[in-house]
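**Q** Pasting the sequence and the predicted model now:
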Amino acid sequence: MKRLARRWKNVSSDGEDDSEDNFSLPTTSDFHPIDTEEQEELVRSLERSQAQQSRFWRRVFSGLLCCFMAFLIFSIHEQTTMPWELRYHAYFMYEIESWIVIAADWAGVFVCAMAIAGLLHCSRSHRWWLWFSCYSGVLLAVFWLYNMLKLAKFRWDIIWLPLGPLSGAGFSLYVDHLMNESSEEVKKLRNYMYSYKSR
């Protein structure tokens, strides 16, 4: 170790002059403030990029929720036309009535629809849709978990029944929060730009 430390000192002392220029702190600032037009163009490009990203991710999650909603509608159709044919519904055959299962699936559809409306709606009340879908998802999850606990054996293969709509609503709220946060950062940047210009 001592030999290695000695060798390191020799190498660093030999290359001290070469690396001094690379690692020394600048004495004068090389950075100059950009002018008003460049600031405006930069902020505008960031706003455009943020709006595109927001639209993209909101549409992606809305599409995923639409797929899950279509699956729930298929489940409702199957339970209506051929009751208890689907395995994940058949577990509850002796626990709850068929119309209650159909109503619970419709509730899941409405949770997803509210989450989609909250993601795609561009108004101040869009967050209310997302929060309402989360609260409804919690109630639906409690309903399914209560009935799953009443079964003779807890079925892990149908854990998506309580967690599916709730997860969709929760992810939608999270995506909306991230998009709003990035939008606020861009707004802050614009405010900083104007406060800089006013000096």
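**A** Arrived safely. Numbering: from 1, shown residues only.

**Q** check contacts around the residue nearest to the spatial centre of the chain.
**A** Of all residues in the chain, the one closest to the mean position by C-alpha atoms, centre = their mean is Val175, 3.0 Å from it. By C-beta atoms under 8 Å, 6 or more residues apart in numbering, the contact set of Val175 is Trp57, Arg58, Phe61, Leu119. C-beta: built from backbone N, CA, C; applies to glycine.

**Q** So how do I select the buried members of those residues in PyMOL?
**A** PyMOL command restricting the contacts of Val175 to the buried ones, with burial defined by 16 or more other C-beta atoms under 10 Å:
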select buried, resi 58+61+119
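
**Q** quick revisit: quick check: which element contains the residue nearest to the centre of the chain?
**A** helix 160-197 (DSSP states H and E).

**Q** Which of the helices and strands in the chain ranks last by mean pLDDT?
**A** helix 16-23 (a mean of 50; mean pLDDT, DSSP states H and E).

**Q** immediately after that one, which helix or strand?
**A** Trace forward from helix 16-23 with DSSP H and E and the next one is helix 36-81.

**Q** So for the following helix or strand past that following helix, mean pLDDT?
**A** Next along the chain after helix 36-81, taking DSSP H and E as the criterion, comes helix 87-90. Mean pLDDT, computed over helix 87-90, is 93.

**Q** Please identify the buried residues of helix 87-90?
**A** Buried-residue list, helix 87-90, by 16+ other C-beta under 10 Å: His89.
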